[in-house]
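Chemist: after the sequence you'll find the predicted model.
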Amino acid sequence: MTIPMIRACSRFAQPQRAAPSPWIARFAHLVAPGARVLDLAAGGGRHARFFAARGARVLAVDRDAAALASCAEVDGIETHVADLETGAWPLAGETFDAIVVTNYLHRPLFAALRTALTAAGVLLYETFAQGNERYGRPANPDFLLDPGELLALAARPPALTVVAFEQGAVVTDPGCRIVQRIAAVGPGYPWPPASTEAATAAAGNGGRRAGSNARRGALPVSGRASPHEPME
């Protein structure tokens, strides 16, 4: 199987104060200032810090109390120590205007994440995918997305609108990683933008580039909800 190459800077295996993922930064404009954001499996809080600096109210959740402590005093960030993989969903009854997940996969949480996302919410998700085992860790299939799995997550009712989607190989220095990533919005989110000005602003923030490497191999890189109709 030929894997398409996503020519972008990869920042996996982050130090705690690392820059945000380029994918998350690219679609951060979808999240309005003042939004309540869930940074799931936040680690040291690089994305919590990023969205708090943009005016969001962020809840950073992770089982590593020491890692979370590094951002506990940052304005706009609330921290919550919880083991996401044992017991009940720790945020039952809470909802969020945006949910951000990177480099983390625990499939039993998918239903809870969709329930926690408001009708006009934004889902930004990026993690390792099937095929990464050829290049290194993670290699356990429990931690690797199946082809199109994030599209299936977005399609759960009520279906989200996919703003952008990519899957394939990200070139790193050295080597590469196999990833899958999505930016999607809820049925209450006004998408596509209603005005030319808003559409231009969205494109300027990277929306027009989604799927630019499609048709290079068996795994599509797509900016549409259907993985069978990749954009050029």
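Modeler: Now that the structure is in, tell me what you want to look at.
Chemist: run through the helices of this protein in chain order.
Modeler: Counting by DSSP state H, the chain has helices at residues 22-26, 46-53, 65-69, 110-116, 149-155, 196-204.
Chemist: pLDDT of the longest one, averaged?
Modeler: Within the predicted structure, the mean pLDDT of helix 196-204 is 58.
Chemist: ditto for the fourth one
Modeler: Looking at helix 110-116 alone, the average pLDDT works out to 98.
Chemist: quick check: buried residues in that helix?
Modeler: Ala112, Leu113, Arg114, Ala116 (16 or more other C-beta atoms under 10 Å). For every residue, glycine as well, the C-beta is placed using N, CA and C.
Chemist: closest to Glu166 out of the helices of the chain?
Modeler: When those are compared by C-beta to C-beta, helix 22-26 sits nearest Glu166, at 7.8 Å.
Chemist: buried stuff in the closest one?
Modeler: By neighbour count, with 16+ other C-beta under 10 Å as the criterion, the buried positions of helix 22-26 are Pro22, Trp23, Ile24, Arg26.
Chemist: I figured the second one hits Tyr125, correct?
Modeler: No - taking contact to mean C-beta atoms under 8 Å, the distance of 9.1 Å between Trp23 and Tyr125 leaves them out of contact.
Chemist: who touches both of the two?
Modeler: Common neighbours of Trp23 and Tyr125 (criterion: C-beta atoms under 8 Å, 6 or more residues apart in numbering): Thr102, Arg181.
Chemist: need the strands for the protein, in chain order.
Modeler: Ranges of strands within the chain are 5-6, 36-40, 57-62, 77-81, 96-102, 117-128, 161-171, 176-185, based on DSSP state E.
Chemist: mind putting the ones you listed in JSON lines, distance to Leu30 and mean neighbour count included?
Modeler: Output for those, formatted as JSON lines (distance: least, C-beta to C-beta, whole Å; neighbours: other C-beta atoms under 10 Å):
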{"stretch": "strand 5-6", "distance to Leu30": "20", "mean neighbour count": "18"}
{"stretch": "strand 36-40", "distance to Leu30": "11", "mean neighbour count": "25"}
{"stretch": "strand 57-62", "distance to Leu30": "15", "mean neighbour count": "23"}
{"stretch": "strand 77-81", "distance to Leu30": "20", "mean neighbour count": "18"}
{"stretch": "strand 96-102", "distance to Leu30": "8", "mean neighbour count": "24"}
{"stretch": "strand 117-128", "distance to Leu30": "5", "mean neighbour count": "22"}
{"stretch": "strand 161-171", "distance to Leu30": "7", "mean neighbour count": "23"}
{"stretch": "strand 176-185", "distance to Leu30": "6", "mean neighbour count": "25"}
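Chemist: sorry, back to before: and which of the buried residues of helix 22-26 is nearest Leu91?
Modeler: Nearest to Leu91 among the buried residues of helix 22-26: Ile24, at 20.1 Å, using C-beta to C-beta.
Chemist: now the end-to-end length of stretch 29-37.
Modeler: Stretch 29-37 has an end-to-end distance of 13 Å (C-alpha to C-alpha, to the nearest Å).
Chemist: just how off-centre is it within its chain?
Modeler: Centre-to-centre, stretch 29-37 and its host chain are 14 Å apart (C-alpha atoms, centre = their mean, to the nearest Å).
Chemist: state the mean pLDDT of that stretch.
Modeler: Confidence for stretch 29-37, expressed as mean pLDDT, is 97.
Chemist: relative to Ala88, which of the buried residues of helix 22-26 is nearest.
Modeler: Distance to Ala88 across the buried residues of helix 22-26 (C-beta to C-beta) is lowest for Ile24, with 27.6 Å.
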